[in-house]
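Asks: sequence and predicted model, in that order:
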Amino acid sequence: MEDIERHTIAVLVDNEPGVLARVIGLFSGRGYNIESLTVSSVTETKDVSRITIVTSGTPMIIAQIKAQLDRQVPIHSVHDLTAEGPHIEREIALIKVVARGPKRRESLRIADIFRANVADTTTGSFVFAIDGSPGKVDAFVQLMRDLGKVEVVRSGSVAIARGAHAL
Amino acid sequence: MGRRRLSGAQIVIRALLDQGVDVIFGYPGGAVLPIYDELFKQNELRHILVRHEQGAAHAAEGYARSTGKVGVLLVTSGPGATNAVTGLTDALMDSIPIICLTGQVPTHLIGNDAFQEADTVGITRPCTKHSYLVKDANKLGETIHEAFYVARSGRPGPVLVDLPKDVQLAEGLYSTPSEVGHKTYKPQTKGDMKAIERAVDLIANAKRPIIYGGGGIINSGLRANKLFTEFVRLTGSPCTLTLMGLGAFPASDKHFIGMLGMHGTYEANLAMHDCDVMVNVGARFDDRVTGRIDAFSPGSKKIHIDIDPSSIDKTVQVDVPIVGDAASVLSDMIRLLKKRPKRVNAKARKAWWDQIAKWQARDCYAFRSDKKIIKPQYAIQRLYELTRDRETYITTEVGQHQMWAAQLYRFEKPHHWMTSGGLGTMGYGLPAAMGVQAAHPDALVIDIAGEASVLMNIQELSTIMQYRLPVKVFIINNRYMGMVRQWQELMHGGRYSESYMEALPDFVKLAESFGAAGLRVSKPSEVDDAIEEMIAIDRAVVVDVVVDQHENCFPMIPSGAAHNEILLGPEDKAEAPASEDGMVLV
């Protein structure tokens, strides 16, 4: 059995109704995984959207996913950032921690270490805003879970290649 | 609660039996062979082998609609599933509870473009209430039980369960269905009492009320039908029904003023337009019913009872929305109404009924009889007169004949009228009749058909013969796609583009070639004899009723027109040509 790999794929698409449904339908219909997916228009004229998909599968499956995406009519280009070289991946998350006393103070200390900002506070809770690699966000959320009731919302990854070459 | 290890295919059969299913409609193929093998080994579950999967879906609908139970079809992967799509969409539009079991390629091949693979769950997502892809035999039993729960709860609809072949062959743990419903899907059945009180207030003080009932009453069950009838009589209001609601209230009752909508009665449509309080029970303000929305019943307070919150304020803004099951809400309303001392404003009510009587006097369904040529309305009227005293179930295809049947066949009870309302699926009636007859072997089941529609699923005559289902096909044959021609006449200058069929089969010989009886009648004086003969023959019969080619269906509210712009006959059309806005509507 081949190893399962995690890949971050950037997909440039026409910004038209139904394109996202087509991409998601492709993944569900063919049984591919979606770990996260984000989408937003990225050009000045708003005619192109960029979808960042984090997926996992064997090298063969990953190759199929890229090929299947690439043959879709409204898709301009598909870039496997994981395969194409060094890239930066970021995610933002908002984490509400409900805690009092020492646990509340501890949550603030840890947030400081992670460079998370306090976005909202009451005497019994914080909402932290954190950004960074998905692994960093994972680690922060895990620590917070030990300190109280936690509510999490994450944006999913956005990613871009390092260097001077622009898509 | 019994828990047993069974193969996936055995679980399918067991789960269906535990859900009370006695007959399924289906067509085998590579991806469902393990299930067909288990079917072969048992005698409890009957299987009816259709000739096309669309037929299986409509048969399941006919079964469901005529019994109040969930209908089931079983088809193979790929083309089996795609052929069932029209039936699923039909069931979704008309809120018919059916379960569609589809075979699928083994899980490891999904996404691989394997032989007879289709993304069934993807294709059917917009045309089912819900769909499942089962990847673990241990979850198969509970998924099927959940599918039944979803199909019949709340606003009913079609549910699809996609079954990869390896899951059918794998072993899994099966448990009998429990009473537990669903984690998240829990439709509200009890109406909000404050809203119900406001509704009762409006009804009690109404001068010109109307009660407008739909298919939701029939879906709710016999208790809702009884309560609806009691409610109408208690309020003394006129009652109109939608196409899907026919039978929810006895047509012979003096409160019934006929079907409403595009081809409804003059009195029902004008009463809708002029009423001061409208009570919608289980209908959805469909565009065939409302006509032009901005002119729809302009002066009324509207009460809308519906189990589906998304039906509320979808097209028509209402004053008192009540989300709940028809039976539950009606019983609350009746209880509150009975507590009130003075129930109706007798003087105003009399004036309202006098007005309705004037509209009724127009006799809007009247047609010119002819001695030489059979008028389609005459044929249906005679069919009604000669079958009304029997246990008769009527299905229809789609078009003029369907509207004439809705107008002229009068239903006293629910579950006896099966028609494709929302989707308007030509080819629905014959397979639906097959499903009805499978559920009611001794009843008289008649498909009132058009010659164009019936050809769309004519292959099901073969199924009907195989299972000795004595279905009667009563073809109103005018050699045109009549409704298309009618619209071309009214809105496209009489240019009958492709609405005439040059080469129709000889329906008598066609029937005989399948082994059914074939009759033809072309004289008005022989219609009765033909109908009597049709009833007397104890097997399937096709009656080719050769009718007036040019008859149109009236009354008619043209698309984009208001209720009070209803056309009563061909003479009306010059006065009210279709508007520009109406032209774009269907």
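Replies: Here it is on my side, so go on.

Asks: doesn't B:Gly154 fall inside a helix?
Replies: No - under the criterion used here (DSSP: H, G, I helix; E, B strand; the rest coil), B:Gly154 is coil, not part of a helix.

Asks: and it, what does it touch?
Replies: Neighbouring residues of B:Gly154 by Cβ atoms under 8 Å, 6 or more residues apart in numbering or on different chains: B:Tyr185, B:Pro187, B:Ile307, B:Asp308. For glycine as for every other residue, the C-beta is placed from the backbone atoms N, C-alpha and C.

Asks: doesn't B:Pro156 make contact with the last one?
Replies: No - with the criterion set as Cβ atoms under 8 Å, B:Asp308 and B:Pro156 do not qualify as a contacting pair; they are 10.1 Å apart.

Asks: next, count neighbours for B:His52.
Replies: 22 (other Cβ atoms under 10 Å in any protein chain shown).

Asks: ok so, going back, just the contacts of B:Gly154 now: which is nearest A:Asn15?
Replies: B:Asp308 (33.0 Å; Cβ to Cβ).

Asks: so who does B:Leu455 touch?
Replies: Taking Cβ under 8 Å, 6+ apart, one finds B:Gly427, B:Leu504, B:Pro505 in contact with B:Leu455.

Asks: point out where chain A drops to low pLDDT.
Replies: A:1 (pLDDT under 70).

Asks: and with 50 instead?
Replies: Nowhere does chain A drop to pLDDT under 50.

Asks: thinking again about what came up before, so which of the contacts of B:Leu455 is the most crowded?
Replies: Of the contacts of B:Leu455, with other Cβ under 10 Å as the count, B:Gly427 tops at 26 neighbours.

Asks: with adjacent residues omitted, what lies nearest to the residue of the stretch 1-150 of chain B found nearest chain A?
Replies: Here the stretch 1-150 of chain B gets closest to chain A at one residue, B:Gly111, 2.9 Å apart by Cβ to the nearest Cβ. Leaving aside its chain neighbours, B:Gly111 sits nearest to A:Arg30 (2.9 Å; criterion: Cβ to Cβ, 6 or more residues apart in numbering or on different chains).

Asks: and the one you found, backbone torsions?
Replies: Dihedral angles of A:Arg30 (phi, psi; degrees, to the nearest 10) stand at phi -100, psi 10.

Asks: returning to that earlier point: of the contacts of B:Leu455, which are in range of chain A?
Replies: Subset of the contacts of B:Leu455 in contact with chain A: empty, counting by Cβ under 8 Å from any Cβ of the partner chain.

Asks: got the contact list for the residue of the stretch 1-150 of chain B closest to chain A?
Replies: Counting by Cβ under 8 Å, 6+ apart, the residues that B:Gly111 touches are A:Gly29, A:Arg30, A:Gly31, A:Tyr32, A:Gln64.

Asks: 7 Å instead, please
Replies: A:Gly29, A:Arg30, A:Gly31, A:Tyr32 (Cβ atoms under 7 Å, 6 or more residues apart in numbering or on different chains).

Asks: for A:Glu5, same thing?
Replies: Counting by Cβ under 7 Å, 6+ apart, A:Glu5 has contacts A:Ser56, A:Gly57, A:Pro59, A:Ile62.

Asks: would you check how far apart B:Glu391 and chain A are?
Replies: Distance, B:Glu391 to chain A, by Cβ to the nearest Cβ, to the nearest Å: 46 Å.

Asks: what pLDDT does B:Lys573 get?
Replies: If you check B:Lys573, the pLDDT there is 56.

Asks: got it, and B:Ala578?
Replies: In this model, B:Ala578 carries a pLDDT of 60.

Asks: would you mind naming what in chain A lies close to chain B?
Replies: A:Gly25, A:Ser28, A:Gly29, A:Arg30, A:Gly31, A:Tyr32 (Cβ under 7 Å from any Cβ of the partner chain).

Asks: filter the residues you listed down to just the ones in helices.
Replies: A:Gly25, A:Ser28, A:Gly29 (DSSP state H).

Asks: most neighbours of all those, which one?
Replies: A:Gly29 (20 neighbours).

Asks: from what I see, that one and B:Ala118 are in contact.
Replies: No - with contacts counted by Cβ atoms under 7 Å, A:Gly29 stays clear of B:Ala118, the gap being 8.9 Å.

Asks: how about the closest residue in space to B:Ala64 that isn't next to it in sequence, what does it touch?
Replies: Spatial nearest neighbour of B:Ala64, excluding adjacent residues (Cβ to Cβ, 6+ apart): B:Gly71 at 3.6 Å. In this structure, B:Gly71 makes contact with B:Ala60, B:Glu61, B:Tyr63, B:Ala64, B:Ile98, B:Gly435, judged by Cβ under 7 Å, 6+ apart.

Asks: try 6 Å this time
Replies: B:Ala60, B:Glu61, B:Tyr63, B:Ala64, B:Ile98 (Cβ atoms under 6 Å, 6 or more residues apart in numbering or on different chains).

Asks: between which two of those is the distance greatest?
Replies: B:Tyr63 and B:Ile98 (8.3 Å).

Asks: look at these two and report which has more neighbours.
Replies: B:Ile98 (34 against 31).

Asks: against B:Ala438, how distant is that one?
Replies: 14 Å (Cβ to Cβ, to the nearest Å).

Asks: follow-up on the earlier one: scan the contacts of A:Glu5 and report the most crowded one.
Replies: A:Ile62 (21 neighbours).

Asks: and it, what element?
Replies: helix A:59-70 (DSSP states H and E).

Asks: buried set for that helix?
Replies: A:Ile61, A:Ile62, A:Gln64, A:Ile65, A:Lys66, A:Gln68, A:Leu69 (16 or more other Cβ atoms under 10 Å in any protein chain shown).
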